[in-house]
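> output the structure for:
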Amino acid sequence: MLTWESIQKLVNQGNLTPDKRLVKTGAQWKELLSEEVFEVARNAGTERPFSSPMCTHFEAGIYACICCDTLLFDSTEKFDSGSGWPSFTQPLKENAIAYHTDDSLLRSRVEITCNTCDAHLGHVFPDGPAPSKLRYCVNALSLQRKS
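Predicted coordinates for the structure are as follows:
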């Protein structure tokens, strides 16, 4: 189980090796994705809080990266954080997510990206429920639910 301490170690010492890599140019991604998804997933944008019904839907399933279809989160780890974005306590696999320092808002946060294609997913925080106490706060536009 990942903890805040293990995430800090990954940020500082390097991410785990992904199972595979997918690299495309910005132009290639722009052809494949809607303008809204491109802005969030490829330009590290953020959707408005509470703009997606995914925040309150808890059907069984797996959530994958919208860009490359890599499996990222299991619905059994999803919870209602009240933040306005889908939230999870753990990724499906430890090497599915990459972690990066983000100092863009005058405070340091940990950005999460798809470790396969570098799509921006959101951020992870140490204020989630036990036992991990992690809150993966993810843009719904970066995800697609699989049955």
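> buried residues in the helix or strand encompassing residue 111, which are they?
Following DSSP states H and E, one finds residue 111 within strand 109-114. Of the residues in strand 109-114, 109, 110, 111, 112, 113, 114 count as buried by neighbour count, 16 or more other Cβ atoms under 10 Å. In this view, the C-beta of every residue, glycine as well, is placed from N, C-alpha and C.
> can you give me the mean pLDDT across the longest helix anywhere in the chain?
Looking across the chain with DSSP state H, the single longest helix is helix 4-13. Averaged across helix 4-13, the pLDDT comes to 97.
> pull the distance from the strand holding residue 111 to the chain's centre.
7 Å (Cα atoms, centre = their mean, to the nearest Å).
> that one vs helix 4-13, what angle?
Relative orientation of strand 109-114 and helix 4-13, computed by axes from the mean of the first three to the mean of the last three Cα atoms, to 10 degrees: 80 degrees.
> other SSEs contacting the helix or strand just after strand 109-114?
Using DSSP H and E, the helix or strand that follows strand 109-114 towards the C-terminus is strand 120-125. On a contact count with 3 or more Cβ pairs under 8 Å, 6 or more residues apart in numbering; DSSP states H and E, strand 120-125 meets helix 35-41, strand 97-102, strand 109-114, strand 135-138.
> now the ones you listed in a markdown table, with mean pLDDT and distance to residue 125?
Shown next, in a markdown table, are these (pLDDT from 0 to 100; distance: least, Cβ to Cβ, whole Å):
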| stretch | mean pLDDT | distance to residue 125 |
| --- | --- | --- |
| helix 35-41 | 98 | 18 |
| strand 97-102 | 97 | 12 |
| strand 109-114 | 97 | 8 |
| strand 135-138 | 98 | 5 |
